[in-house]
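> whatever this is, show me its structure:
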Amino acid sequence: MNNDFSNYAATQGPRYTSVSFSFYVSATTVVVPGVVQGGERAFELNSQVSDCSHYTELTKSNESGPEHEIVYVNEYISNNEPANYDAMSTIGFTVKSSGEIAALNQLRLYSETGIPVRRLIENDDKPSNLFADLVFYLLTNKTQGVGNVVPAELIDEDALRTTARFLRANRIFYDGVLEDSESFRSFLYDNASLQLCNFTIKNGRFGMQPALPFNSNHEISLDPITVQQIFTAGNIIEDSLQLQYIDVSQRSNIRGLVSWRVTVQTTCHIRHQRCWSGLTYLLAKRRQQNRRLI
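Residues are numbered from 1 along each chain as shown. The predicted structure follows:
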């Protein structure tokens, strides 16, 4: 060995050629890292992963439906307080088997409110029946919406707020239930037209706007539409103009009947009907077509 320590030791005495250590055990103890968890045997942790088949030739019995179902409950215990679940609107129904109730073919339940959402007009978090508030909730919520993939700068909040005022002024409310999984865009495109609105993507920003003209009070305007521009074969690209005429059968006066139901608390729903003449319907349809041309 040739280092500073061995050279210094050689000046004090005989040069050493090796270094060794000797130990002895004076006491022993048990050290367990972490916290010891006690309990019964855990059977198949993360069983949801084992339900997934990794082979196309292998299918499992619970792929198309539940493998087990509850057919009878012989004992139930009431909760000391109502069960609350985050970001979820729940309804509970209890019925006992008796000779008076043989089956439940169709069940109607009345729910006063839904889950709290951001109300664009009031700027608070409460249940809402305006479709524009629901669209904003689905665009921003990270649990039940697409808030994880759509940033805030890609949401046209002002357009949604204007649409919310339009829906409230014309008493167009949406009291629906989201029970099935479907495409986000398909849901908005299909339901926005039922609210007399159009789901839009302008400059990469998601929004919604009324499909009909409205006045300063956000009510549907019945005034003549001001022409902004006239497109003819002389001021557009050649062969880019297409004219479509309405058939004679569609221009004749019609008489329609609309039926809807009004939900009333603690009683059955009330059915309403209303007739309107074809002149009003044709006038509204023509105005909508003129707006498309503009």
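
> burial measure for residue 128, as a count.
Neighbour count of residue 128, defined by other CB atoms under 10 Å: 26. Yep, even glycine has a C-beta here, placed from its N, CA and C like the rest.

> what secondary structure does it sit in?
Secondary structure, DSSP: H, G, I helix; E, B strand; the rest coil: residue 128 is coil.

> for it, what are its contacts?
Contact partners of residue 128, counting by CB atoms under 8 Å, 6 or more residues apart in numbering, are 114, 117, 119, 134.

> do that again at 10 Å, thanks
Contacts for residue 128 were tallied using CB atoms under 10 Å, 6 or more residues apart in numbering; they are 113-122, 134, 136-137, 164, 168, 173-174.

> what pLDDT is listed against it?
Per-residue confidence (pLDDT) for residue 128: 91.

> tell me which of the contacts of residue 128 fall in helices.
Counting by DSSP state H, the contacts of residue 128 place 134, 136-137, 164, 168 in helices.

> among the residues you listed, who's most crowded?
Neighbour tally across those (other CB under 10 Å): the maximum, 27 neighbours, falls on residue 136.

> just the helices in the stretch 151-294 of the chain please.
Ranges of helices within the stretch 151-294 of the chain are 157-169, 184-192, 248-251, 278-293, based on DSSP state H, counting those that start in this stretch.

> for ChimeraX, what selects the buried ones among the contacts of residue 128?
Paste this into ChimeraX to select the buried members of these, with burial taken from 16 or more other CB atoms under 10 Å:
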select :114,115,117,118,119,120,134,136,137,164,168,174
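
> for residue 67, which non-adjacent residue is spatially closest?
For residue 67, ignoring the flanking residues on the chain, the nearest one in space by CB to CB, 6 or more residues apart in numbering is residue 61 at 5.4 Å.

> assumed the one you found was part of a helix.
No - counting by three-state DSSP, residue 61 is located in no helix; its state is coil.

> separation between it and residue 55?
For residue 61, the distance to residue 55 equals 15 Å [CB to CB, to the nearest Å].

> for residue 255, same thing?
Residue 255 sits 61 Å away from residue 55, taking CB to CB as the criterion.

> okay, the two: which has more neighbours?
Taking other CB under 10 Å, residue 255 and residue 55 do not tie; residue 255 has more neighbours (10 against 6).

> what about the strands in the protein?
Taking DSSP state E as the test, the strands found in the chain are 117-119, 124-126, 197-202, 205-210, 255-262, 270-277.

> pull out the buried residues from stretch 134-150.
Buried residues in stretch 134-150, counted by 16+ other CB under 10 Å: 134-141, 145, 147, 150.

> cool, stretch 151-158 as well?
Buried residues in stretch 151-158, defined by neighbour count with 16+ other CB under 10 Å: 155-156.

> list of residues touching that stretch?
Residues contacting stretch 151-158 (CB under 10 Å, 6+ apart): 118, 120, 135-136, 139-140, 147, 162-163, 200-209.

> try it again with 7 Å
Under the contact criterion CB atoms under 7 Å, 6 or more residues apart in numbering, stretch 151-158 has outside partners 136, 139-140, 202, 204-207.

> tell me the one among the residues you listed nearest to residue 186.
Nearest to residue 186 among those is residue 206, at 14.0 Å by CB to CB.

> and the pLDDT for that closest one?
93.

> and it, how many neighbours?
22.

> tell me the contacts of it?
139, 150, 154-156.

> could you rerun that using 6 Å?
Neighbour list for residue 206: 139, 155 [criterion: CB atoms under 6 Å, 6 or more residues apart in numbering].

> low-confidence bits of this protein, can you list those?
For the chain, residues meeting the criterion pLDDT under 70 lie at 1-2, 15-17, 19, 36-45, 47-48, 87-89, 97-99, 110, 263-294.

> kindly report the domain assignment for it.
Domain assignment for the chain by automatic domain parsing gives 113-223, 224-294.

> deepest in the core, which of the ones you listed is it.
Most buried of these, by mean neighbour count (mean count of other CB atoms under 10 Å): domain 113-223, with a mean of 16.
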